[in-house]
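Visitor: this one's sequence-less:
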């Protein structure tokens, strides 16, 4: 039997109807947040009675799970078509997906902020989400037994996640921010820093030495400051200020000579 014939009938209509409800719920949760959204408002949007809506989804929490799965499935399907497997490429494509699917991005931002409350039904989802993101954002090719020089890989991953989420929030207020370019810039900075730290660790470059602060003011520095002050005043064309500045220079020179 052809596949098209198998998919026909009441079952297919029910699946399509569920998808329609989930998509509309994603828009509603993104606009009003989960807490302030109601099944009654959702029923109006999809043209169903509240009783019939509950036939498809038993409660709002059940619907929330499907909405979050929709977002994850959308990102996963987008990444399946990407050839590059390195973290920089995948992070760039996640950022591109966020910019192309503004509705899902708004939903993610709203729910992630709202779910900080441990009692929120999506709190556990975001705890697992960030743990998984910490692993997925880890730099490839790093040996756990011998960590690289410089910033730890775990901290680089945490910063990469913070950059991604922070840019998405900023883009909501500043649409001119190029999230994809900014994510690219972050991983380019990480690569450059890793190269520099490796050279330092190998002894190829001199290590950075912090010079101690001087304990007392150098005599020459006082004369130099007075000299440059004189030049600045001379450019202003004030003869009186020039004479006073010269007198000040001479006084400092005599004081230093006596010491």
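Guide: Perfect, I can see it now. These numbers come from a predicted model, not from an experiment.
Visitor: where does the stretch 51-200 of the chain have low pLDDT?
Guide: In the predicted model of the stretch 51-200 of the chain, residues 84, 140-149 satisfy pLDDT under 70.
Visitor: what about the helices in it?
Guide: Counting by DSSP state H, counting those that start in this stretch, the stretch 51-200 of the chain has helices at residues 60-79, 87-100, 102-114, 123-136, 153-173, 179-201.
Visitor: quick one: the ones you listed as TSV, columns for mean neighbour count too.
Guide: Yep, even glycine has a C-beta here, placed from its N, CA and C like the rest. What follows is those, written out as TSV (neighbours: other C-beta atoms under 10 Å):
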stretch	mean neighbour count
helix 60-79	16
helix 87-100	18
helix 102-114	19
helix 123-136	14
helix 153-173	16
helix 179-201	15
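Visitor: for residue 40, find the nearest of the ones you listed.
Guide: helix 60-79 (10.6 Å; C-beta to C-beta).
Visitor: quick one: that closest one to helix 87-100, angle?
Guide: In terms of direction (axes from the mean of the first three to the mean of the last three C-alpha atoms, to 10 degrees), helix 60-79 departs from helix 87-100 by 120 degrees.
Visitor: contacting residues around helix 60-79?
Guide: Applying C-beta atoms under 8 Å, 6 or more residues apart in numbering, the external contacts of helix 60-79 come out as 18, 21-23, 25-26, 29, 34, 37-39, 42, 57, 90, 93-94, 97, 101, 104, 107-108, 111, 121-122, 125.
Visitor: sorry, back to before: okay, the helices of the stretch 51-200 of the chain in TSV with distance to residue 47 next?
Guide: As requested, those are arranged in TSV below (distance: least, C-beta to C-beta, whole Å):
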stretch	distance to residue 47
helix 60-79	16
helix 87-100	28
helix 102-114	19
helix 123-136	29
helix 153-173	29
helix 179-201	35
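Visitor: of all the ones you listed, which one comes closest to residue 13?
Guide: Among those, helix 60-79 comes nearest to residue 13, with 17.5 Å by C-beta to C-beta.
Visitor: direction-wise, compare that closest one with helix 123-136 and give the angle.
Guide: Going by the same axes, to 10 degrees, helix 60-79 makes 20 degrees with helix 123-136.
Visitor: what separation is there between residue 195 and residue 90?
Guide: Taking C-beta to C-beta, to the nearest Å as the measure, residue 195 falls 21 Å from residue 90.
Visitor: also residue 54?
Guide: Applying C-beta to C-beta to residue 54 and residue 90 gives a distance of 39 Å.
Visitor: now residue 131
Guide: Counting by C-beta to C-beta, the gap from residue 131 to residue 90 is 17 Å.
Visitor: next up, the contacts around residue 164.
Guide: Residues near residue 164 by C-beta under 8 Å, 6+ apart: 91, 94, 95, 183.
Visitor: pick out the most distant pair among these.
Guide: Checking these with C-beta to C-beta, the most distant pair is 94 and 183, at 8.0 Å.
Visitor: now residue 120. Nearest residue, chain neighbours left out?
Guide: residue 114 (6.2 Å; C-beta to C-beta, 6 or more residues apart in numbering).
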